[in-house]
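Trainee: below is the structure, and that's it, no one-letter string:
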């Protein structure tokens, strides 16, 4: 665990020094929150929607963020071309928002099996759905209900570990407590706030922040750094918040003031 | 009026208990505000843009929110298919933002005459324009000026009552004071803040919140619950605000802290 | 300089009196921020994406804002038709976000050479790229890196002056200090905050605010009024901010409370 904490410190410092850009193809609902979270943590943002721009970004940046939250017809071409290019030139983080809902989303997620991300970040339902879609687990998938989690983090543990092993990267499952695994090591990260479920975009923006860390660290460390950052900043924000919107303001403020030591000191345990 | 207040209390409590999802097809400008307002009031959000996803949402949820604010070409198919499916499987709330502007918006609003919403929420100009478009009133329509109201609420009263009777639901007209009618009863709800006109999305998000209440209440009660919630929370927020952005934060905070009794105690009168 | 200050005062007062709408075709990331900044300064907002709506807006409003930040396929038709119509019926402000990245963006910016805006607002890299694209300067262009500036304002001065002369309007180059020129007069405006680079949309929304002023003032005064407003409000916000998100709230609050005298009193010097 000491080794992990040191790697987290290194990752956060490297972001501060190099200000890496992690371009995104992300949904329309929380795109501003994603950008502001990436900037708050010390990274840089660039959002694109056209296929040639997705490819250009993969040649420009070390890591990309792909969130399939609100698809429009052009995503049918943009996402596969970007995913393929990211696999060849960069790394990418996937947030499979609402996995299981809609034909295009399913088609895109199936395509990604051949060009997998280095990090997948989702709630338990989404992780279960992707693992099943890729044939990595049997059994009934998590039920889709809007974009909210309906399964507990623990129920997705096996799916997350299988997925992480398959992609050769890391999977972060967000919930009351968060689980981060690379298929060999599995860590639970604690803190955060119940307010995270009462604002839109905490999960999406966590994925974007993981992509920033992925530009400077390995997938496991990147996924854990982002998760810890959210747990520490979320806990601090809750102490100041007077409602859902002031929570979001306090949260981004806290994120923008985090130190490498804060991220390493987050309550964690191997499980 | 006592009966109405009791129904408002029931509606708000039912939202708190069942956390209903009210999926939206809504504009790009205020989509995050809509989602955060729906979450603040105790509901859940899911935004979609593709036709099969609109239909899937109508089979999944009891009520849908359709806001025609910023159309892109795919809306030409998504909105009619969703509207038709919502009429068959669920109920929907319409916000006819900028009614009268652009060919596609007019085409979509005309289509809705055959598959009407259960609630229409708009400013006076928009309500007048829809009533005229559907042939429910004569005379000159409200003039379109960007997305702002140019007519007073009172001038739209007759149009609102005709519309409500036609759709067999309720119409909410937003203005300095707000009018909610089901064609038989007409109530004016008071409070709010002049700041509502100095931020974008107060009207859009009110429509989204009405859709949350529509999942658990009849159209008149749902429209009034949302309107009252905005008037109470808006008034509280104004007392704390130091400018337009802190007003928005305070408003969402107040919305997230509202009780059923707050909503029932809003200043109202039948007119 | 006294004459300029008086013109700034007149511009801000005219906005307060006439509440001009400055419709936008702008990116999905910061569209809400753009609208809220336009409203905060006393203008009105209306965002569109379809070609006939862009044209309708050019016949309705005195000035338009076009920001090429996040293009989708429909922009291929919407932007040229709007630009042409704006040149014939109104004026427009261009924010060439990420100029140099992607085929469509380059195609659209090239088209604009024949139907130029009255104001261009960008960072140094973007201004250099447009000046080179239009054949107004030789030499290597600014390098594109996401949407961040990589060149200093001073390096773009000659390009800005050439561009301003070519368009018969004004160019505003945003940076640590901001440069505004009409090709004859060049003014540096000071203040602002380092936080502007740690939130998304400060540049985009500045362009939208410039479009509000352009409805009531000449391009040079409009560009300078917007730039000064940002420098004054940014400086005030920084004094109150506890992190990036509270900076944004404080900034919009300060913008919504600015007086004409505040804008005229901003630290400026002719260079």
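Mentor: Thanks, I have the structure now. The model shown is predicted, which means the values in this text are computed figures rather than measured ones. Residues are numbered from 1 along each chain as shown, chains lettered A, B, ... in the order given.
Trainee: wait, residue A:47 touches residue A:21, no?
Mentor: No. Look at residue A:47 against residue A:21 with C-beta atoms under 8 Å: they stay out of range, at 11.0 Å. To be clear about C-beta, it is placed using only N, CA and C from the backbone, and glycine gets the same treatment.
Trainee: give me the more crowded residue out of those two.
Mentor: residue A:47 (27 against 24; other C-beta atoms under 10 Å in any protein chain shown).
Trainee: can you tell me the average pLDDT over stretch A:252-264?
Mentor: In this model, stretch A:252-264 carries a mean pLDDT of 98.
Trainee: buried sites along that stretch?
Mentor: Residues A:252, A:253, A:254, A:255, A:256, A:258, A:260, A:262, A:263, A:264 are the ones in stretch A:252-264 that count as buried (16 or more other C-beta atoms under 10 Å in any protein chain shown).
Trainee: so what touches it?
Mentor: Stretch A:252-264 is contacted by residues A:5-6, A:8-13, A:16, A:36-37, A:39-41, A:209, A:225, A:228-230, A:232-234, A:236-237, C:198, C:242-246 when judged by C-beta atoms under 8 Å, 6 or more residues apart in numbering or on different chains.
Trainee: against residue C:55, how distant is the closest residue to residue A:158 other than its chain neighbours?
Mentor: In space, and not counting its chain neighbours, residue A:158 is closest to residue A:137: 6.7 Å by C-beta to C-beta, 6 or more residues apart in numbering or on different chains. Per C-beta to C-beta, to the nearest Å, residue A:137 is found 53 Å from residue C:55.
Trainee: the more surrounded of these two?
Mentor: The neighbour comparison of residue A:137 against residue C:55 (other C-beta under 10 Å) goes to residue C:55, with 20 against 17.
Trainee: quick one, what contacts the more buried one?
Mentor: With C-beta under 8 Å, 6+ apart, residue C:55 has these contacts: C:81, C:82, C:85.
Trainee: how about the residues of the stretch 151-271 of chain A near chain B?
Mentor: For the stretch 151-271 of chain A, the contact set with chain B under C-beta under 8 Å from any C-beta of the partner chain comprises A:197-201, A:241-246, A:248-249.
Trainee: buried ones among those residues?
Mentor: By neighbour count, with 16+ other C-beta under 10 Å, these hold A:197, A:198, A:199, A:200, A:201, A:241, A:243, A:244, A:245, A:246, A:248, A:249 as buried.
Trainee: now the helices: where do they sit in the stretch 101-250 of chain A?
Mentor: Using DSSP state H, counting those that start in this stretch, the helices found in the stretch 101-250 of chain A span residues A:103-111, A:124-133, A:157-167, A:202-214, A:219-240, A:244-257.
Trainee: can you point out the buried residues in the longest one?
Mentor: Within helix A:219-240, the residues scored as buried using 16+ other C-beta under 10 Å are A:219-238.
Trainee: gap between stretch A:104-112 and the chain center?
Mentor: How far stretch A:104-112 lies from its chain's middle: 18 Å, per C-alpha atoms, centre = their mean, to the nearest Å.
Trainee: wondering if that stretch reaches chain C at all.
Mentor: No. Stretch A:104-112 is not in contact with chain C by C-beta under 8 Å from any C-beta; minimum separation 15.1 Å.
Trainee: contact partners of that stretch?
Mentor: Contacts for stretch A:104-112 (C-beta under 8 Å, 6+ apart): A:68, A:71, A:75-76, A:79-80, A:83, A:94, A:96, A:98-100, A:130, A:133-134, B:50, B:52-53.
Trainee: how does it look with 6 Å?
Mentor: Contacts to stretch A:104-112, defined as C-beta atoms under 6 Å, 6 or more residues apart in numbering or on different chains, come from residues A:68, A:71, A:76, A:79, A:80, A:83, A:96, A:99, A:133.
Trainee: what do you get for stretch A:7-23?
Mentor: A:42-44, A:46, A:57, A:61, A:63-65, A:211-213, A:215-217, A:221, A:225, A:260, A:263-264, C:146.
Trainee: one more: stretch A:118-135?
Mentor: By C-beta under 6 Å, 6+ apart, stretch A:118-135 touches A:91, A:93-96, A:99-100, A:109, A:113, A:137, A:141-142, A:149-153, A:155-156, A:159-160, A:162-163, A:169-175, A:207, A:210, A:219, A:223.
Trainee: distance check, residue A:35 against residue B:73.
Mentor: Relative to residue B:73, and taking C-beta to C-beta, residue A:35 is found at 25 Å.
Trainee: comparing those two, which shows the higher neighbour count?
Mentor: residue A:35 (25 against 18).
Trainee: near chain C at all, the helix or strand hosting that one?
Mentor: Applying DSSP states H and E as the criterion places residue A:35 in helix A:31-40. Yes. Applying C-beta under 6 Å from any C-beta of the partner chain, one finds helix A:31-40 in contact with chain C at A:31, A:32, A:35, A:36, A:39, A:40.
Trainee: what about that helix, average pLDDT?
Mentor: 98.
Trainee: that helix near chain B anywhere?
Mentor: No. Judged by C-beta under 6 Å from any C-beta, helix A:31-40 makes no contact with chain B; its nearest approach is 6.6 Å.
Trainee: pull out the buried positions in whatever helix or strand comes next after that helix.
Mentor: Using DSSP H and E, the helix or strand that follows helix A:31-40 in sequence is helix A:51-60. Residues of helix A:51-60 classed as buried by neighbour count (16+ other C-beta under 10 Å): A:51, A:52, A:53, A:54, A:55, A:56, A:57, A:58, A:60.
Trainee: now those residues in JSON lines, with pLDDT?
Mentor: Compiled in JSON lines, the buried residues of helix A:51-60 are given as follows (pLDDT from 0 to 100):
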{"residue": "A:51", "pLDDT": "97"}
{"residue": "A:52", "pLDDT": "97"}
{"residue": "A:53", "pLDDT": "97"}
{"residue": "A:54", "pLDDT": "97"}
{"residue": "A:55", "pLDDT": "97"}
{"residue": "A:56", "pLDDT": "97"}
{"residue": "A:57", "pLDDT": "97"}
{"residue": "A:58", "pLDDT": "97"}
{"residue": "A:60", "pLDDT": "94"}
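Trainee: closest one of these to chain C?
Mentor: Nearest to chain C out of these is residue A:53 (C-beta to the nearest C-beta; 4.2 Å).
Trainee: can you pull the contacts of that closest one?
Mentor: residue C:102.
Trainee: at 7 Å what do you get?
Mentor: Each residue near residue A:53 by C-beta atoms under 7 Å, 6 or more residues apart in numbering or on different chains is listed here: C:101, C:102.
Trainee: pLDDT weak spots in chain A?
Mentor: A:139-151 (pLDDT under 70).
Trainee: so for the most centrally placed residue in chain A, what's the nearest residue that isn't a sequence neighbour?
Mentor: Centroid check for chain A by C-alpha atoms, centre = their mean gives residue A:207 as the closest residue, at 2.3 Å. Of all residues not flanking residue A:207 in the chain, residue A:95 sits nearest, at 3.8 Å (C-beta to C-beta, 6+ apart).
Trainee: hmm, back to that, for the helix holding residue A:35, packing partners?
Mentor: Where contact means 3 or more C-beta pairs under 7 Å, 6 or more residues apart in numbering or on different chains; DSSP states H and E, helix A:31-40 is packed against helix A:202-214, helix A:244-257, helix C:244-257.
Trainee: out of these, which is closest to residue C:269?
Mentor: Between residue C:269 and the helices and strands packed on helix A:31-40, the tightest spacing by C-beta to C-beta is seen for helix C:244-257, at 22.6 Å.
Trainee: past the closest one, which element shows up next along the chain?
Mentor: That would be, after helix C:244-257 and using DSSP H and E, helix C:260-264.
Trainee: after that next one comes which helix or strand?
Mentor: Next element after helix C:260-264 (DSSP H and E): strand C:268-270.
Trainee: packing partners of that following strand?
Mentor: By 3+ C-beta pairs under 7 Å, 6+ apart, strand C:268-270 packs against strand C:186-189.
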